[in-house]
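Visitor: Structure for this input, please:
(chains A and B)
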Amino acid sequence: MTPKRKRLWLVVGSLAVLGFAATLVLTALNDNIVFFYSPTQIAEKQIPPERRFRMGGLVEAGSVKKSADGQVTSFRVTDTHKTVDVVYRGLLPDLFREGQGVVAEGSLGADGVFVAREVLAKHDENYMPPEVAKAIKEAGQWKEGK
Amino acid sequence: MVAELGHFSLILALAVALVQGTLPLVGASRGDIRLMDLGRTAALTQALLVIVAFAALTQAYVASDFSVANVVANSHSAKPLLYKISGVWGNHEGSMLLWALILALFGAAVAVFGAGLPDSLRARVLAIQALIGVGFLAFLLFTSNPFERVWPPPADGNGLNPLLQDPGLAFHPPLLYLGYVGFSVTYAFAIAALLEGRVDAAWARWVRPWTLAAWCFLTLGIALGSWWAYYILGWGGFWFWDPVENASLMPWLAGTALLHSAIVVEKRDALKSWTVLLAILAFSLSLLGTFLVRSGVLTSVHAFAQDPARGMYILGFLLFVTGGGLALYAWRAPQLQGGGLFQPLSREGALILNNLLLCTLAATVLLGTLYPLFLDLLTGNKVSVGPPFFNATFVPICAPLFAALCVGPYLGWKRAEIWPALRHLRVAFVVAVIAAIVAATAIDGRSTLAALAFGFGVWLIVGSLGEFAQRLVRTGYKLPPRASLGMTIAHAAMGVVVLGAVGTGAWNSELIRTMKPGDRASFAGFDFKLDRVENLQGPNYVAERATLAVSVAGKPYTILSPERRVFTVQRRQVAETAIHTNLLRDLYATLGEGEAANGWVIRLYYNPLAPWIWLGAALAALGGFVSLSDRRLRIGAPRGSKKAGRPMAQAAE
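Guide: You can find the predicted model right below:
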C-alpha cells in the first residue's frame, strides 16, 4: 500500500468516527439540554407542564415544610421578585437550608407547583450558583460581598 | 515566623524557577554545558524551597496558628490531626501550593533520574518544567498567598468544610494532582523535543514511564473521588457527569491515548508528531480541569466559592501553555520525520483506532462540559448538560473501543490478518454472548442496553485473560515481560469497571422509608429492623446514629449504623452512610432527618457489583505500575530503576 493510500484510509476512517460522534452529539444535545429559569422567568414564560428544566434562587425563610411521614418537603424558592412553590420527595442534600441558594431540576405540575426530581448539593456554604446570582441580580436585589 | 519563612522560600523558589526556566534554554541553544547543568542544580534547589514552604504551611495547620488567615478560614483546634493536615490542601491557596510542590518534585525527579538523558534535552525539559512552575508560583504569590497574616488573631478557626473531613477525600487531591502534574513532565518533554526538532525511540522510552506514572495516579485519584462521592453524598451513585468530574476524565482519556501512541513511537518510530500533539493536549486538559474547578464558571455539584480574578489568571496561563505549545507544534512538527510504514490492519492501525476513539470521547466530554458556557456567552441562555447527554454520546463510542480492545493485542506490527485474531477470540466471544443473554433473561429483562454492556464487560475480561493464557501456552509457560503483563491486567480491569458500572447503574434498587425504633422493612431479600437511634459526641461534631439490624430469613446477618453528623463549628450536617459489602454487592443505608415522634427517614440501597468499580480502577492502576517496573522501559536510563517509586511516594506523603 502506498503512503498516499494509507493516508486516504486514515482520513476516511477518522471522518467516519468523527461523523458518527457528531451525529450522536447533535441528537443528544437536541434532546437532553436542560434550560435554567429563574422564578421571574417562570412567571413570564409559559413553560409547558412535564417539560424538564432547572430553576433556582434562594430558599425563602420560613417556607420549608415537611409532610407527616417526613419524606416530602415543600418550600418556596425566590429571586426576591417572584417566588415558586416547590415539592421534593426524598432526602435533601446536607447543605439545604432556608435563606441559602438552591438549584433544582424537575418540571412544573398542572397546578403550577414545581416538582423537583433532583436538588443539587454544594460543597461550600458561601457558594452561590452563578445562575442564581444572575437571577437575583436581574431582579435588582443583589448586594455585593454577600 | 514560620509562616514568613514559608513565604520567603516561595519568593526564592520563584526566583530560582525564573533562572531555571531561562539560562538552561540559552545554554542548550549555544551548546554551553555549564548553563545546561545549571538546570539540575536549580531544579533541586527549587524543590527544596517549595518543600520548606509547604512544610511551613503544614506546621501552621498542625500547630493551629490562627494568626495565618488561611488556617483561620480552614482549620479549627478541635479537628483531628489527619484533617488538620489534609486541611492544608482542602482550600484554594493550599491546593495550589500542593500543585506547585508536586510540580517542583517532578522537576527534581527529572534532574535526579535523568542522568542518562542527552544534556540538551534534559536542560530543555527542566527549563520548560520551571516555566510552568513560574506560572504557578507567581499565581500563588500574587493572587493566592497562603501565608497571609491576620491581626489580631482570632481565638479559633472556622474549621474545614465537613464534607471534606473524610479519609477518602484527604488523599484524593494529592493523587489527582500527581496525575495532573505528571502530565506536565510529558508536556515538557514534548516541547523540548519540538525545540530539538527530534523525536526518536529513545525519546519515547523516556516519555512513556512518566506518562504511565501520571496515568496511574490520575486513575487512582479519580477512583478515590468517585468512591468518596458514592459513600458521602448518600445518593448511591458513583459518577454524576459533573463538570468537575469531567475535568478529571478528559486528561485521563487523552493520557490513555498518549500511553498507547507512545508505544508506536517507541516500537515503530511512527506517529511521532501525533504523540507530541497528544502530550501537549493532555497537559492542557489538566490545566483546563484546574481552571474549571477553580474559576467557578460552571455550575457544579462540587463547586467551591470562587474568585473571578483567579479564574482569569488560570485561563490566561492555560491559553499561554496551550496556545504556545500548539504554535510551536505548528511551526516545528513538520520537521519530525515519520518512520515505519504499516498497513491499516496491523497493531499500529489498532492503536490508531484506539487513539481516534479515545480522543473522540475526550472531545464529546469537552463539548458537553463547555457547551453551557458557550451558549451562555453567545445567547445568554442558561442551560445544563446532564447525564442523559453523556450517556447518549459516551456509551455508544465506548462500544467499538471495547470491541476492538481485545483484538488489538493479537495483531502483529506492520501487517496482520484479521481472521486468525478473531479465531483466537471465539471462546471469549461465545462467553460474552452467553453472559449478555443470561443478564437479559435471568437478572433483568428491562434493559437490553445494560445486558449488552454486561456482555462487553465479560468480553473485556475473558478476551484479555484468554490472550494472556494463549501467550503462556505458546511460550511454554514463561511469564511474559512485565509491560505486557501490565497491559493484560489493565485491559481486564476495564472489564471489571464496566461490570461494576452496569450492576450499580442499571440493577440497583432503592427504598425510602420513615421508621421509628422497632419498625421493620423488607428489601431486596433482607429484613431491616430499626433498633434504636442514639446521640453521640464526636471530636468536633455531635451525631445521631441509627442501629439497623439486618437479617436474612430470620437469621441475624449484619448491623448497619448510618449516622447524621452536625459539625458544631459550622452548624452543618453531613450524612455518614453505612455500607456492608461482600465484594459482590453493597448494602447501603443513610439516615435522614427525623425525631422520635414521627420517626426518621431511612434510605436503603442494594447495589450489585458496586465494589467492582473501584476494584477495577485499582487493578488498572496496578497494571500500570507493573508495566512501569518493566526493565525495557529503563533502557537508556541505567539509574532509572527507582523512578517509579521514590519521588512520587515522597509527594504522596
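
Visitor: what sits against the residue most central in space within chain B?
Guide: Residue closest to the average C-alpha location in chain B (CA atoms, centre = their mean): residue B:218, at 2.9 Å. Each residue near residue B:218 by CB atoms under 8 Å, 6 or more residues apart in numbering or on different chains is listed here: B:175-176, B:178-180, B:182, B:248, B:251-252, B:255. The C-beta positions use only the backbone N, C-alpha and C, and glycine is treated the same way.

Visitor: Also residue B:407?
Guide: By CB under 8 Å, 6+ apart, the neighbours of residue B:407 are B:350, B:418, B:421-422, B:425.

Visitor: try 7 Å
Guide: Shown in contact with residue B:407 (CB atoms under 7 Å, 6 or more residues apart in numbering or on different chains): B:350, B:421, B:425.

Visitor: same deal with residue B:427?
Guide: Each residue near residue B:427 by CB under 7 Å, 6+ apart is listed here: residue B:466.

Visitor: give me the number of residues near the closest residue to residue B:585 other than its chain neighbours?
Guide: Once flanking residues are discounted, residue B:585 sits nearest to residue B:608: 4.6 Å by CB to CB, 6 or more residues apart in numbering or on different chains. Using other CB atoms under 10 Å in any protein chain shown, residue B:608 has 21 other residues around it.

Visitor: tell me which element the residue nearest to the centre of chain B falls in.
Guide: helix B:201-232 (DSSP states H and E).

Visitor: What is the burial count for the residue lying closest to residue B:466 once chain neighbours are set aside?
Guide: Excluding its sequence neighbours, the residue lying closest to residue B:466 (CB to CB, 6+ apart) is residue B:428, at 5.0 Å. When neighbours are counted by other CB under 10 Å, residue B:428 registers 20.

Visitor: so where do the helices sit in chain A?
Guide: Ranges of helices within chain A are A:3-32, A:39-44, A:130-138, based on DSSP state H.

Visitor: that older thread, buried among the contacts of residue B:407? Make that a PyMOL selection.
Guide: Command for PyMOL that selects the buried part of those, burial taken from 16 or more other CB atoms under 10 Å in any protein chain shown:
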select buried, chain B and resi 350+421+425
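
Visitor: From the contacts of residue B:407, which one has the minimum pLDDT?
Guide: In terms of pLDDT, the lowest of the contacts of residue B:407 is residue B:421, showing 87.

Visitor: Now do the same contact list for the closest residue to that residue other than its chain neighbours.
Guide: Of all residues not flanking residue B:421 in the chain, residue B:410 sits nearest, at 3.7 Å (CB to CB, 6+ apart). For residue B:410, the contact set (CB under 7 Å, 6+ apart) comprises B:421, B:424, B:467.

Visitor: gap between residue B:410 and residue B:485?
Guide: Going from residue B:410 to residue B:485 by CB to CB, to the nearest Å gives 17 Å.

Visitor: what does residue A:26 give?
Guide: From residue A:26 to residue B:485 the distance is 42 Å (CB to CB).

Visitor: The two - which one has more neighbours?
Guide: Legend: neighbour count by other CB under 10 Å for residue A:26 and residue B:485, higher for residue B:485 (18 against 11).

Visitor: Just give the closest residue to that one, not the sequence neighbours.
Guide: residue B:626 (5.6 Å).

Visitor: In chain B, where is pLDDT below threshold?
Guide: B:234-235, B:295-308, B:338-340, B:444-445, B:632-653 (pLDDT under 70).

Visitor: Point to the helix or strand of chain A where mean pLDDT is at its lowest.
Guide: None of the helices or strands of chain A scores lower by mean pLDDT, DSSP states H and E than helix A:130-138, at a mean of 71.

Visitor: counting contacts, what elements does that helix pack onto?
Guide: strand A:53-59, strand A:101-108 (3 or more CB pairs under 7 Å, 6 or more residues apart in numbering or on different chains; DSSP states H and E).

Visitor: Around residue B:399, how many other residues sit close by?
Guide: Around residue B:399 there are 13 residues (other CB under 10 Å).

Visitor: Please save the CA atoms from the host helix or strand of it in PDB.
Guide: Following DSSP H and E, one finds residue B:399 within helix B:387-405. Extracted in PDB, the C-alpha atoms of helix B:387-405 (Å, rounded to 0.1, in the frame of the first residue of the first chain):
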ATOM      1  CA  PRO B 387     -26.100  12.600  32.400                       C
ATOM      2  CA  PRO B 388     -28.600  11.900  29.600                       C
ATOM      3  CA  PHE B 389     -26.300  13.700  27.100                       C
ATOM      4  CA  PHE B 390     -23.200  11.900  28.200                       C
ATOM      5  CA  ASN B 391     -25.000   8.500  28.300                       C
ATOM      6  CA  ALA B 392     -26.200   9.000  24.800                       C
ATOM      7  CA  THR B 393     -22.800  10.000  23.400                       C
ATOM      8  CA  PHE B 394     -20.100   8.500  25.600                       C
ATOM      9  CA  VAL B 395     -21.500   5.000  25.800                       C
ATOM     10  CA  PRO B 396     -22.000   4.300  22.100                       C
ATOM     11  CA  ILE B 397     -18.500   5.400  21.300                       C
ATOM     12  CA  CYS B 398     -17.200   3.100  24.100                       C
ATOM     13  CA  ALA B 399     -18.700   0.100  22.300                       C
ATOM     14  CA  PRO B 400     -16.300   0.000  19.300                       C
ATOM     15  CA  LEU B 401     -13.400   0.800  21.600                       C
ATOM     16  CA  PHE B 402     -14.200  -2.100  23.900                       C
ATOM     17  CA  ALA B 403     -14.900  -4.400  20.900                       C
ATOM     18  CA  ALA B 404     -11.500  -3.600  19.300                       C
ATOM     19  CA  LEU B 405      -9.600  -3.600  22.600                       C
END
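
Visitor: Can you give the distance of the helix or strand just after that helix from its chain's centre?
Guide: Using DSSP H and E, the helix or strand that follows helix B:387-405 in sequence is helix B:418-424. On the basis of CA atoms, centre = their mean, to the nearest Å, helix B:418-424 sits 35 Å off its chain's mean C-alpha point.

Visitor: Is residue B:560 in contact with residue B:550, as I believe?
Guide: Yes: at 6.1 Å, residue B:560 counts as touching residue B:550 under the criterion of CB atoms under 7 Å.

Visitor: what's the overlap in contacts for these two?
Guide: In contact with both residue B:560 and residue B:550: residue B:587, using CB under 7 Å, 6+ apart.

Visitor: if I look at the residue nearest to residue B:585, how far off is residue B:578?
Guide: Distance from residue B:608 to residue B:578, counting by CB to CB: 18 Å.

Visitor: Then residue B:175?
Guide: The spacing between residue B:175 and residue B:578, counted by CB to CB, is 25 Å.

Visitor: More neighbours: which of these two?
Guide: Shown here are residue B:175 and residue B:578; by other CB under 10 Å, residue B:175 has more neighbours (23 against 20).

Visitor: wait, isn't the more buried one in contact with residue B:219?
Guide: No: here residue B:175 does not reach residue B:219: they are 9.0 Å apart, not a contact under CB under 7 Å.

Visitor: domains for the chain, by residue range?
Guide: Using chain A here. What automatic domain parsing lists as the domains of chain A is A:1-33, A:36-138.

Visitor: if you could check chain B rather than the one you did, that'd help
Guide: Listed domain ranges for chain B are B:2-153+B:162-333, B:509-608 (source: automatic domain parsing).

Visitor: which stretches of chain A have low pLDDT?
Guide: Checking chain A against pLDDT under 70 turns up A:1-3, A:94-95, A:121-131, A:139-146.

Visitor: can you tell me which residues contact the residue nearest the centre of chain A?
Guide: For chain A, residue A:54 is the residue whose C-alpha lies nearest the centre (CA atoms, centre = their mean; 2.8 Å). For residue A:54, the contact set (CB under 7 Å, 6+ apart) comprises A:34, A:36, A:103-105, B:384.
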